[in-house]
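**Q** Take this sequence and fold it.
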Amino acid sequence: MAIPLKQAVDMVVRGIAPSEDNQGVILDDHHFYIRPITSNKNLLEPGETSYFRHRHVGNDDRVFYSVNVKGKDSYDAKITRIQYRGPFNSGMKKVNIHVGGALKDTGLSGAIAAKVLSLLAGLNIQSKLDGDWEVQAAKIVDAIGQRMASDAS
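**A** Numbering: from 1, shown residues only. As a prediction, the model looks like this:
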């Protein structure tokens, strides 16, 4: 059973882990498990906030991200790298895609989505196997940034 993105983001920003078995997030038919931002820092590079997983058959892909809160409701958010762990797309890709505003972006034709898809096409990544799930990942990072910035004073 999936939970709404807003609920999952609220949980992970407060350090609460959604149940991995039944509380993933589904966006546009893509399944994600979002980890609390306070957990598992051992896989992170300097400046990264956390990571979450894109769930699929086999090992889940990992999306690493950074959120820099600048003040109340002001933030910079970006996907720093993606670790593809599928049978045909394996390996770490450093991407540094700024995703602030991705939640307002509309579909695959929006500005953020276009940047994400253009960069991935340049890396020769065949996202056709799983679909264009990276666009939904950008929306998750943006939602986490918004939620973290809403707590700033």
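**Q** residue contacts, the closest residue in space to residue 94 that isn't next to it in sequence?
**A** Counting by C-beta to C-beta, 6 or more residues apart in numbering, residue 81 is the residue found nearest to residue 94 once chain neighbours are left out, at 4.7 Å. (C-beta placed from N, C-alpha, C; glycine too.) Applying C-beta atoms under 8 Å, 6 or more residues apart in numbering to residue 81 gives the contacts 45, 64, 92, 93, 94, 95, 96.
**Q** Could I have the buried ones of these as PyMOL selection syntax?
**A** With 16 or more other C-beta atoms under 10 Å as the burial test, the buried ones among the contacts of residue 81 are selected in PyMOL as follows:
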select buried, resi 64+95
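**Q** As JSON lines, the contacts of residue 81 with secondary structure, pLDDT and distance to residue 24 would be great.
**A** Putting the contacts of residue 81 into JSON lines (DSSP: H, G, I helix; E, B strand; the rest coil; pLDDT from 0 to 100; distance: C-beta to C-beta, whole Å) gives the following:
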{"residue": "45", "secondary structure": "coil", "pLDDT": "93", "distance to residue 24": "25"}
{"residue": "64", "secondary structure": "strand", "pLDDT": "95", "distance to residue 24": "18"}
{"residue": "92", "secondary structure": "strand", "pLDDT": "70", "distance to residue 24": "23"}
{"residue": "93", "secondary structure": "strand", "pLDDT": "76", "distance to residue 24": "23"}
{"residue": "94", "secondary structure": "strand", "pLDDT": "78", "distance to residue 24": "26"}
{"residue": "95", "secondary structure": "strand", "pLDDT": "79", "distance to residue 24": "23"}
{"residue": "96", "secondary structure": "strand", "pLDDT": "80", "distance to residue 24": "26"}
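**Q** quick check, nearest of the contacts of residue 81 to residue 152?
**A** Checking the contacts of residue 81 against residue 152 with C-beta to C-beta, the nearest one is residue 64 at 22.3 Å.
**Q** Quick check: that closest one vs residue 38, distance?
**A** For residue 64, the distance to residue 38 equals 15 Å [C-beta to C-beta, to the nearest Å].
**Q** what's across from residue 52 in the sheet?
**A** residue 34, residue 63 (DSSP bridges).
**Q** Just give me the longest helix of this structure.
**A** In the chain, with assignment by DSSP state H, the single longest helix is helix 133-150.
**Q** Now do that one: distance to the chain's middle.
**A** Helix 133-150 has its C-alpha centroid displaced from the chain centroid by 6 Å (C-alpha atoms, centre = their mean, to the nearest Å).
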